[in-house]
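> Quick one: sequence plus predicted model below, questions after.
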Amino acid sequence: MRGAPLATSGAPKQSRGGQLSSDGIAAFAPLARNDKQIVVCRELTKMFESIYRGTAEEIIKILESDKNNLKGEFVAVIK
């Protein structure tokens, strides 16, 4: 369906010791050239639940600003 939001989820601990890798963050890079709105949810329904909203560039900066932002299970929705 054209124009429909895309959602994906994953737990990076299977590959990088519980942290989102720089490769995972780099997956947002092609979107950074656009003004697509992204929502990244981390650790939903858990004590350290976080929800980040913005463009790909803004989300990358937020995630890279603190190593704790890279830990846990993630869900991303791209509109």
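Cool, the structure landed.

> Which residue ranges of this protein form strands?
All strands of the chain, identified by DSSP state E, fall at 6-10, 38-42, 50-54, 74-78.

> List the buried residues for the last one?
Just to be clear, that refers to strand 74-78. Neighbour counts over strand 74-78 (16 or more other C-beta atoms under 10 Å) mark 74, 76, 78 as buried. The C-beta positions use only the backbone N, C-alpha and C, and glycine is treated the same way.

> Could you tell me the end-to-end distance of stretch 67-77?
21 Å (C-alpha to C-alpha, to the nearest Å).

> I meant to write stretch 62-72 there.
15 Å.

> ok, now stretch 51-71?
Start-to-end, stretch 51-71 (C-alpha to C-alpha) is 13 Å.

> Show me where the protein has its helices.
13-16, 22-26, 29-32, 56-64 (DSSP state H).

> worst average pLDDT in those?
Of all the helices of the chain, helix 13-16 carries the lowest average pLDDT, namely a mean of 49.

> Pull the number of nearby residues for the closest residue to Ile51 other than its chain neighbours.
With sequence-adjacent residues excluded and distances taken as C-beta to C-beta, 6 or more residues apart in numbering, Ile51 is closest to Cys41, at 5.0 Å. Cys41 has 19 neighbouring residues, counting by other C-beta atoms under 10 Å.
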